[in-house]
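> What follows is a predicted structure for the sequence shown.
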Amino acid sequence: MSGLTVRGISKRFRGLQAVKDVSFDVPEHGLIGLIGPNGAGKTTTFNLIAGVYAPDEGEVTFGGQRLNGLRPDQVCAAGIARTFQIVRPFGELSVLDNVLVGCLHAEADVSAARRRAGEIVDRLGLGAKRDQVAASLTLPDRKRLEVARALGTKPKLLLLDEVMAGLRPTEVDQMVAFFREINRDLGVTILLIEHVMRAVMALAQYVVVLNHGEKIAEGTPERVVRDPAVLECYLGEEAV
Amino acid sequence: MLKLWLAEVPPRGKLYLALLLAALLAAPLFVDGYLLSVLILVFYFAYLGQAWNIMMGFAGQLSLGHALYFGIGAYTSAALYVHLGVSPWFGMIAGGAFAAAIGAFIGALGFRFKIGGVYFAILTIAFAEFTRILVDHLLFVGGSGGFFLPISGRSSNDLWTLRGAPVMFYYVWLAFTVGVLILCRALLSSRLGYFWLAIREDQEAAQALGIDTFRYKIFAVMLSAALTACGGVLYAFYNNNLFPSAIFSINRSIDMLLGAIIGGVGTLMGPIVGAFILTPLGETMTALVEPLKGLGAKLDGIKQVFYGLCVVLIVVFQRRGVWPWLWRRLGLDRGEGR
Amino acid sequence: MPIEVYLNQIASGVLTGLIYGLSALGLSVIFGVCKIVNFAHGEMMVIAMYAALLIFRWLGLDPLVSVPIVGALLFGFGYVMQAGLINRLIDVPDHMQFILLAAIAIAMVSGCLMIFGPDAQNVQLDYAYDSYEVGSLLLDKVRVFAGIAAIAVAGLLAAFFRWTWIGKAIRACGDNITGARVVGLNVKHLFALAFGLGSVCIGAAGCILLLLVDVQPFLAVEYTLLAFVVVIVGGLGSLTGALLAGVLIGVSEALAGLLIQPSLKSMFSFGLLIFVLLFRPQGLVGKRA
């Protein structure tokens, strides 16, 4: 079985059940959305996949390889790259060098890696800012930089954590087009957490909905948004 | 190779660098013994600051106990030479390897147990102090009474056993200072260097990009420790006497990093600039208080008070160190100071 | 050796250790609230000792009596240092703050050297050789006084943090600076107060210690290191932890002097520090973070 499989993972933080018995599949070359209200356990799920935490129960496998207990760098070596919801640029390094660090994962030669970093930076529209230090970027640009850096590692699976938040609608459309392109042309599997429903509806072939750490629904985007349980959890949140 | 090395240095920078190097190469022809000793002190600070900078400036791991590695180098080579007649160059290999091993041990403990920042710094102090007291009681290296190398006649220079006149040591220190600068420049533009910078900036993000942070941090500690130990070897053979209370003291650790921080942490020229500022500053203070000589130990006090206050002022007004500022002032600005 | 010898050593170690604990409390308060590792700790302590020495020489006041005076002096010093200098540099990285305080320490210890010279100096008290007999124990009067004074100052500090409004506000700053700003606390002022209060502990500890040991500029570094050991072994921010760890170190030093070579005594302290950092980083008493 290639692709990512998540089977019954749970994580508890000092009595707080952040994720409970969540299972889903991300097929190879798929484009899957992970949605849910704030505090639903989406980012924790990402962290469980990416090796930041080990799940208390359950199993995560990728391309047949068991990921439980691997460190983040080992998960990356297995072909999974992630972005951070709260962006983490290497502030003192230039935009290009940020991406270069990612590229060095896939490429031993520094000048070859620098060339590829340049291409990625250009594709994400950061070309004009390549020599600026990352700390000077605006938030939308930092989100792009997160994506660029992750792409540098030549991932098979890309975990995107709210990379569209704060972007203008036209920028969202550009990003959506970009992700569709790398998914189609490069065959990169994508799992994305997103609040911008416009992006999820446009991108995801399949959506998994979490609430209070549990999976409450899954299906095509069209079906999921009509699911009464999903509507309730979103409306319930807004009513507060 | 040289071309690559100077690739990012603007033309005017190359000129300054060449002039500085030429001046330093020719200096022994013109300066007296006192100035020569001051310049050796400058190299001492520049070299050790550079070695410390690998760990802190590149990989972001704060060590306040580098006197430990310095002392390991000094004592290992001195003991091998005095007891077995082994050349200091072999002593350097042994001392460097020993220091790297101890550095790896301390680093492994600290990083494995996730001791970060200030706590890691205190851990390094603790190991240095622990060793200081230990060596105080190691009688085969003289214990607290001090360990002395046989002093040579100053007429003949023997590079193989590092016995000779100050001029010989001047060139040895200069070679090491230039050597470590070249090494650091090469490291910074290598894969390893980029991984270090990423770890310094954000460990978690670095790890998410596939960098085995534990391993690369250990590398940084080992290299920094080994280079520092080499400096210890030179010091031992230049000064000919070693006292645990002076060699392993926390003040020595502070001295080592003061120049690098004042010059600019994480920059290549920072430790060198820092050394060129602090050493003459200290010497000037000495010269200024010269007329008050009768005061004895109190004299040293006056000098150090000014020294301390100057450092405070530099920290307050040049938070990122003097080099990034100087870089702009010299008209070398073409982006960030390296 | 008869058991009484050991018991006497332990008792005197306990009493000395209480002063170590009080001194470390100063470091702990400053780090806990301002997040500053005060590398000038020992230097401040030495200055307090010299202040008490001068007061003794000029006014004939017992160092214990001058605790409030020296405490007030150090409070002012600490407040000004935080308000005037460190508050401007709050957002600089750790190593910059370290170098700032290390440089201040260099200036301070050299200042003492300049004024007082390198020789050890002490106060001669008329009760210096008196002692109390408790059962088979023989307790030095000065040590008993010193221990009681240390507990008293530490107790006052604890009461201040627990019951006064300002004390609570300072604690709030230490726990969550953003939250403290949101509810409208003047964080910079409170930081300066905290640094001042930490300095009071240092000042008091310096005065009390002067009863037992001679003052010398170069001992400053040792006091700094000792305070590090005590704070980390006891657990950061824990008052009882600091006092207990101080006692532990005091006793271990006293026994090391008896059982093995006295010069090896601090090796034990640093060994303990390394052990605690690795296996119980929250300190012996502290809660797991």
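Received the coordinates, thanks. Since this is a predicted model, take the numbers as computed values, not measurements.

> For stretch B:48-58, give me every contacting residue.
For stretch B:48-58, contacts defined as C-beta atoms under 8 Å, 6 or more residues apart in numbering or on different chains pick out B:61-63, B:66, B:70, B:177, B:180-181, B:184, B:187-188, B:193, B:196-197, B:200, B:220-221, B:223-224, B:227-228, B:231, B:256-260, B:263, B:265-267, B:270-272, B:274-275, C:95. Placement of C-beta: from N, CA and C, glycine included.

> Of those residues, which are in range of chain A?
On the criterion C-beta under 8 Å from any C-beta of the partner chain, B:Leu197, B:Gly266 are the entries of the contacts of stretch B:48-58 that sit beside chain A.

> Mind checking which of the contacts of stretch B:48-58 are in helices?
Per DSSP state H, helices hold the following members of these: B:70, B:177, B:180-181, B:184, B:187-188, B:193, B:196-197, B:200, B:220-221, B:223-224, B:227-228, B:231, B:256-260, B:263, B:270-272, B:274-275, C:95.

> Drop anything exposed from those residues.
Among these, those buried by neighbour count (16 or more other C-beta atoms under 10 Å in any protein chain shown) are B:70, B:177, B:180-181, B:184, B:187-188, B:193, B:196-197, B:200, B:220-221, B:223-224, B:227-228, B:231, B:256-260, B:263, B:270-272, B:274-275, C:95.

> Spatially central, which residue of the chain would that be?
No chain was given, so I picked chain A. Nearest to the geometric centre of chain A sits A:Leu160, at 1.7 Å (C-alpha atoms, centre = their mean).

> Please refer instead to chain B.
B:Leu48 (0.6 Å).

> does that residue sit in a helix or strand, and which one?
Assigned by DSSP states H and E, B:Leu48 belongs to helix B:33-53.

> one step back: in what element of secondary structure is the residue nearest to the centre of chain A found?
A:Leu160 is part of strand A:157-161 when elements are defined by DSSP H and E.

> looking just at contacts, which helices and strands does that strand meet?
The helices and strands touching strand A:157-161, judged by 3 or more C-beta pairs under 8 Å, 6 or more residues apart in numbering or on different chains; DSSP states H and E, are helix A:42-50, strand A:80-82, helix A:139-152, strand A:189-193.

> Can you classify the closest residue to C:Phe98 other than its chain neighbours as helix, strand or coil?
For C:Phe98, ignoring the flanking residues on the chain, the nearest one in space by C-beta to C-beta, 6 or more residues apart in numbering or on different chains is C:Phe39 at 6.0 Å. C:Phe39 falls in the coil class when you classify it by DSSP: H, G, I helix; E, B strand; the rest coil.

> The one 3 residues further on too?
Per three-state DSSP, the local secondary structure of C:Gly42 is helix.

> looking only at pLDDT, what's the mean for the strand holding A:Leu160?
When pLDDT is averaged along strand A:157-161, the result is 93.

> Run me through the strand neighbours of it, direction for each.
strand A:80-82 (parallel), strand A:189-193 (parallel) (DSSP bridges).

> Sort out which residues of stretch B:222-241 are buried, please.
Residues B:222-238 are the ones in stretch B:222-241 that count as buried (16+ other C-beta under 10 Å).

> Neighbours of the closest residue to chain A within the stretch 1-150 of chain C, how many?
Closest to chain A within the stretch 1-150 of chain C is C:Pro93: 10.7 Å, counting by C-beta to the nearest C-beta. Here the number of neighbours of C:Pro93 (other C-beta atoms under 10 Å in any protein chain shown) works out to 16.

> what phi and what psi does the backbone show at it?
Backbone torsions for C:Pro93, taken as degrees, to the nearest 10, come to phi -70, psi 160.

> pLDDT value on it, please?
At C:Pro93, the pLDDT value in this model is 80.

> ok, A:Phe84 - contacts?
A:Glu146, A:Asp161, B:Glu204, B:Ala205, B:Ala208.

> re earlier: which strands and helices sit next to the next helix or strand after the strand holding A:Leu160?
Next along the chain after strand A:157-161, taking DSSP H and E as the criterion, comes helix A:169-185. Under the contact criterion of 3+ C-beta pairs under 8 Å, 6+ apart, helix A:169-185 touches strand A:31-35, strand A:189-193, helix A:197-203.

> any idea of the mean pLDDT in helix A:169-185?
Rounded mean pLDDT across helix A:169-185 is 89.

> distance of B:Arg329 from chain C?
21 Å (C-beta to the nearest C-beta, to the nearest Å).

> coming back round to it: out of the contacts of A:Phe84, which comes closest to A:Ile86?
When the contacts of A:Phe84 are ranked by distance to A:Ile86 (C-beta to C-beta), A:Asp161 comes first, at 8.8 Å.

> What sits closest to the closest one if chain neighbours are left out?
Nearest residue to A:Asp161 in three dimensions, chain neighbours excluded: A:Gln85, at 4.1 Å (C-beta to C-beta, 6+ apart).

> Need the three-state assignment for that neighbour.
coil.

> Tell me how many other residues crowd B:Gly142.
B:Gly142 has 20 neighbouring residues, counting by other C-beta under 10 Å.

> ok, it touching B:Asn241?
No: assessed by C-beta atoms under 8 Å, B:Gly142 is found out of contact with B:Asn241, at 9.3 Å.

> Report the set of residues contacting both of the two.
What both B:Gly142 and B:Asn241 touch, as defined by C-beta under 8 Å, 6+ apart, is the set B:Phe148.

> Contacts only, for A:Ala217.
By C-beta under 8 Å, 6+ apart, the residues touching A:Ala217 are A:Val208, A:Val209, A:Val224, A:Asp227, A:Ala229, A:Val230.

> The closest residue in space to the fourth one that isn't next to it in sequence pairs with what?
So the one you mean is A:Asp227. Excluding its sequence neighbours, the residue lying closest to A:Asp227 (C-beta to C-beta, 6+ apart) is A:Ala217, at 4.6 Å. Listed by DSSP bridges, the beta-bridge partners for A:Ala217 are A:Val209.

> Could you check how far A:Ala217 is from A:Ile190?
Plainly put, A:Ala217 is 20 Å away from A:Ile190 if you go by C-beta to C-beta, to the nearest Å.

> cool, and A:Asp173?
As judged by C-beta to C-beta, A:Asp173 and A:Ile190 stand 16 Å apart.

> just to revisit the earlier point, my read is that the residue nearest to the centre of chain A contacts A:Val147, right?
Yes: with contact defined as C-beta under 8 Å, A:Leu160 counts as touching A:Val147 (7.0 Å).
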